[in-house]
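here's a sequence, model it:
(2 chains)
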Amino acid sequence: MVTARIEAYLRGAIDDARKAGKLPAIETANLGLEKSRLEGSDYSSTLPMRIARAVGAAPRAIAEAIVGSASDSPMLASVEVAGPGFINFVLADPWLAEQVDDILQHGPAHAVPRLGGGVRAQIEFVSINPTGPLTVGHGRIAAFGDVLARLLKAVGYDLQREYYVNDYGNQVRLLGQSIYSHYAGQLGEDVPFPLNGYKGKYVEEWAQEVAAQAGRKYLDMTEDEAVDALSIEGVARSLAMIRADLDELQIGFDNWFSENSLHQAGDVRRVIEVLRQSGYVTEREGATWFSHGDSSHERENVLVKRTGETTYLASDIAYHVNKFAERKFDRVVNVMGADHHGHTARMYAAMDALDLGRSKLTFVLCQMVHVVVDGVPVKQSKRSGDFELLGQLVNEIGSDATRYFMISRAADSQMEFDVDLAKKKSDENPVHKIRYAHARIASILRRAEKAGIDFSDGDTSLLDRPQELGLIRAMLDYPEVVSAAAKSLEPHALPHYALSLASAFNSYYHVHRVISPDVQLTKARLKLAMAVRMTVAAVLGLMGISAPDEMIREEAE
RNA sequence: GCGCCCGUAGCUCAGCGGAGAGAGCACUGGUCUUCGGAACCAGGGGUCGGGGGUUCGAAUCCCUCCGGGCGCGCCA
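Here you go, the predicted model:
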């Protein structure tokens, strides 16, 4: 990474300045080095301004002292003091040109730092109740989690992807009851539809299928038995739908973890006892409570209901014990909807209570997606049966565009998804521009191959035009963008970067011909084009978006 | 009433302590007919919700108000 190299260089200069007595000892943990926003400068450090007060000197004087001690480096064309006390670094053109060979030889991913260092980590995402199909809102969590997983893996985590299947409790039973009611109706029996039951059309369809396949089988048993059996049936069918929707988005999981299995193993009851022995449990109003924080009742949550059933919180605590104590994950990232944010404080409290190490657990909350159709917001509610389905959306605009839209925004921003706009504008969508840039480069490379041009001996030092050097600079940002996105768990930097890289190539393409009568220049530029193709493909790969070698041109409307 | 998130260009959103505030779309004008035009270039458009504060420096941090979303012990 370029920043790491400039940091090392800057530290050397600071050391030298200090040895020469031009600078007192200073804290250099954070050099304040980042990409410069100023034109004509690549990177800049704000260190002199930050330490000015502690050092008791003017920022510019500090900067001058550091720059004065800086040695020459083939990487840098200039190191200068600017403005109120910035140190600006400009990369050297010949060094930039060399980086093309480096990218071709090692690949764009080579320079991505291994932040994960092989740490055993898990990302849990989607984990939607298996009571129906995924909505567009779920699609955001799915796409976001998937890209985050790709990022964490790219950065060197030993990562497992998990879906927590809530195949236990009231919601699942409610689904069973909903199916049962429709099923009975099919066969001429009147079983009232449960309050808050699942009203989606799929429930009726399943009931019809069950009636057709099983006949009166479920009417011949007790209602309890029938509901139990149909709950299991409903969960299986829901999971099949969910998997199908996820498949459409190219999203897969390494493990599907059953909540019910925790109950079967006795883990849920066991963890309640552990909490009780540590003094975190109180009995009140006929229920059992997880008591954390001060003595007020505000920090209390039910573990065992008056009915004797355990709550979701109890299962989830047992689940996290399983993740950390049993399966020994050193880092767990949970991606979920922001409507669950109240749950995070309780889980952190449980992590503390059980001494599991709260810093190993991170929650990422995706804000709601407001679906707009015909300019009217569609109220998303799985239970009212009035919702926009993810499957429909993917069918209409495709996996690539859906993923691109879903990960383009920061998780903590709400998002408006205008289905009509996405459909109508899909041809003008940024994702097309990026994929098109890739296809265009592939086409150029095909043409070169047909012409029998072997550019393996191309001399990249011929790449000295501003647009060429700009493209190389953009490619050097790849590892920076990937590592920053992985570190902050913010995949939305990727689509923005991909777009700027594609735009940089398109600009270049319109100013300079890659294939020209100048054979040497052609070879050098083919190398450049190849490196850009590789980098574009790498970002698209991280986003889970296809990088086609050719695109079929559709007729204009 | 309490807690979390958001309020930046006409629209959808980046930027989240640094140097004239950006992108995509939309709009206006231009290049060009190309190694795939689903292209490129230029332009207009912003009291960064309002007001205080901290700082050498605030869209960015703190307080407060206004507006929107979500949540608030026995749903998951």
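
CA only for contacts and neighbour counts going forward, please
Fine.

contact partners of stretch A:167-181?
Contacting residues not belonging to stretch A:167-181 are listed as A:129-131, A:166, A:190-194, A:196-199, A:203-204, A:206-207, A:226-235, A:258-260, A:312 [Cα atoms under 8 Å, 6 or more residues apart in numbering].

would you mind checking these for buried ones?
Applying 16 or more other Cα atoms under 10 Å to the contacts of stretch A:167-181, the neighbour count classes A:129-131, A:166, A:193-194, A:197-199, A:203-204, A:206-207, A:226-228, A:230-235, A:259-260, A:312 as buried.

can you tell me which of those are in helices?
When DSSP state H is applied, these are split such that A:203-204, A:206-207, A:226-228, A:230-235, A:259-260, A:312 fall in helices.

go through these and name the one nearest RNA strand B.
When those are ranked by distance to RNA strand B (Cα to the nearest atom of the strand), residue A:312 comes first, at 4.3 Å.

just the pLDDT for the closest one.
You'll see residue A:312 listed with a pLDDT of 95.

same question, residue A:376
For residue A:376, the model assigns a pLDDT of 72.

likewise for residue A:423?
Per-residue confidence for residue A:423 comes out at a pLDDT of 73.

so which strand or helix has it?
helix A:419-424 (DSSP states H and E).

helix, strand or coil for the residue nearest the centre of chain A?
Of all residues in chain A, the one closest to the mean position by Cα atoms, centre = their mean is residue A:148, 2.6 Å from it. Here residue A:148 is helix, with the state taken from DSSP: H, G, I helix; E, B strand; the rest coil.

could you check the pLDDT of it?
We have a pLDDT of 98 for residue A:148.

once you drop chain neighbours, what's closest to it?
For residue A:148, the nearest residue in space outside its immediate sequence neighbours is residue A:491; the separation is 6.0 Å by Cα to Cα, 6 or more residues apart in numbering.

neighbours around the one you found, how many?
Neighbours of residue A:491 under the rule other Cα atoms under 10 Å: 30.

quick one: residue A:77 is in a helix?
No - the assignment for residue A:77 is strand, going by three-state DSSP, so no helix is present there.

need the residues of the stretch 201-350 of chain A near RNA strand B, please.
A:285-287, A:297-302, A:304-307, A:311-313, A:338-343 (Cα under 7 Å from any atom of the strand).

picking that back up, surely the residue nearest to the centre of chain A and residue A:484 touch.
No - taking Cα atoms under 8 Å as the definition, residue A:148 is not a contact partner of residue A:484, at 11.9 Å.

for the stretch 201-350 of chain A, which segments count as helices?
A:201-214, A:223-248, A:259-264, A:267-277, A:312-321, A:341-353 (DSSP state H, counting those that start in this stretch).

next one: the stretch 401-550 of chain A
Counting by DSSP H, counting those that start in this stretch, the stretch 401-550 of chain A forms helices over residues A:419-424, A:430-450, A:466-488, A:493-511, A:519-543, given from the N-terminal end onward.

now these as CSV including mean neighbour count and distance to RNA strand B?
Putting the helices of the stretch 401-550 of chain A into CSV (neighbours: other Cα atoms under 10 Å; distance: least, Cα to the nearest atom of the strand, whole Å) gives the following:
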stretch, mean neighbour count, distance to RNA strand B
helix A:419-424, 16, 8
helix A:430-450, 19, 4
helix A:466-488, 19, 9
helix A:493-511, 19, 4
helix A:519-543, 22, 8
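
and these: which comes nearest residue A:71?
helix A:466-488 (22.7 Å; Cα to Cα).

which neighbouring elements make contact with the closest one?
With contacts taken as 3 or more Cα pairs under 8 Å, 6 or more residues apart in numbering; DSSP states H and E, helix A:466-488 sits against helix A:93-106, helix A:136-154, helix A:493-511, helix A:519-543.

distance to residue A:13 added to the ones you listed, as CSV?
Compiled in CSV, those are given as follows (distance: least, Cα to Cα, whole Å):
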stretch, distance to residue A:13
helix A:93-106, 20
helix A:136-154, 32
helix A:493-511, 32
helix A:519-543, 33
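
and stretch A:449-467, what's buried?
The neighbour-count criterion (16+ other Cα under 10 Å) identifies A:455, A:458, A:459, A:460, A:461, A:462, A:463, A:467 as the buried residues of stretch A:449-467.

which among the residues you listed gets closest to RNA strand B?
The shortest gap between RNA strand B and any of the buried residues of stretch A:449-467 belongs to residue A:467, at 9.6 Å (Cα to the nearest atom of the strand).

OK, contacts around that closest one?
Contact partners of residue A:467, counting by Cα under 8 Å, 6+ apart, are A:504, A:507, A:508.

next, the contact list for residue A:66, please.
By Cα under 8 Å, 6+ apart, residue A:66 lies in contact with A:13, A:14, A:17, A:23.

including distance to residue A:352, neighbour count and secondary structure, could the residues you listed go into JSON lines?
Shown next, in JSON lines, are those (distance: Cα to Cα, whole Å; neighbours: other Cα atoms under 10 Å; DSSP: H, G, I helix; E, B strand; the rest coil):
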{"residue": "A:13", "distance to residue A:352": "44", "neighbour count": "19", "secondary structure": "helix"}
{"residue": "A:14", "distance to residue A:352": "42", "neighbour count": "26", "secondary structure": "helix"}
{"residue": "A:17", "distance to residue A:352": "46", "neighbour count": "22", "secondary structure": "helix"}
{"residue": "A:23", "distance to residue A:352": "45", "neighbour count": "19", "secondary structure": "coil"}
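
in the stretch 251-400 of chain A, which spans are strands?
Assigned strands in the stretch 251-400 of chain A, in chain order: A:255-258, A:281-284, A:287-291, A:300-304, A:331-337, A:361-366, A:369-373, A:376-378 (criterion: DSSP state E, counting those that start in this stretch).

could you give the angle of the fifth one to strand A:369-373?
What it means is strand A:331-337. Here strand A:331-337 runs at an angle of 30 degrees relative to strand A:369-373 (axes from the mean of the first three to the mean of the last three Cα atoms, to 10 degrees).

what are the pairing partners of the least confident helix or strand in chain A by mean pLDDT, and which direction each?
Every helix and strand in chain A was compared by mean pLDDT, DSSP states H and E; the lowest is strand A:376-378, with a mean of 72. On the basis of DSSP bridges, the sheet neighbours of strand A:376-378 come out as strand A:369-373 (antiparallel).

now do the buried residues in the partner strand.
For strand A:369-373, burial by neighbour count (16+ other Cα under 10 Å) applies to A:369, A:370, A:371, A:372.

tilt between it and helix A:136-154?
Using the same axes, to 10 degrees, the inter-axis angle of strand A:369-373 relative to helix A:136-154 is 130 degrees.

helices or strands next to the helix holding residue A:423 in the packing?
Helices and strands in packing contact with helix A:419-424 are listed as strand A:369-373, helix A:390-407; criterion 3+ Cα pairs under 8 Å, 6+ apart.

gap between it and the chain center?
Centroid separation for helix A:419-424 versus its chain: 24 Å, with Cα atoms, centre = their mean, to the nearest Å.

how about the CA coordinates for that helix, as CSV?
Backbone C-alpha positions of helix A:419-424 (Å, rounded to 0.1, in the frame of the first residue of the first chain) are rendered in CSV as follows:
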residue,chain,number,x,y,z
VAL,A,419,-38.7,0.3,-7.9
ASP,A,420,-40.0,2.1,-10.9
LEU,A,421,-36.9,4.2,-11.2
ALA,A,422,-34.6,1.2,-10.7
LYS,A,423,-36.4,-0.6,-13.5
LYS,A,424,-36.7,2.4,-15.9
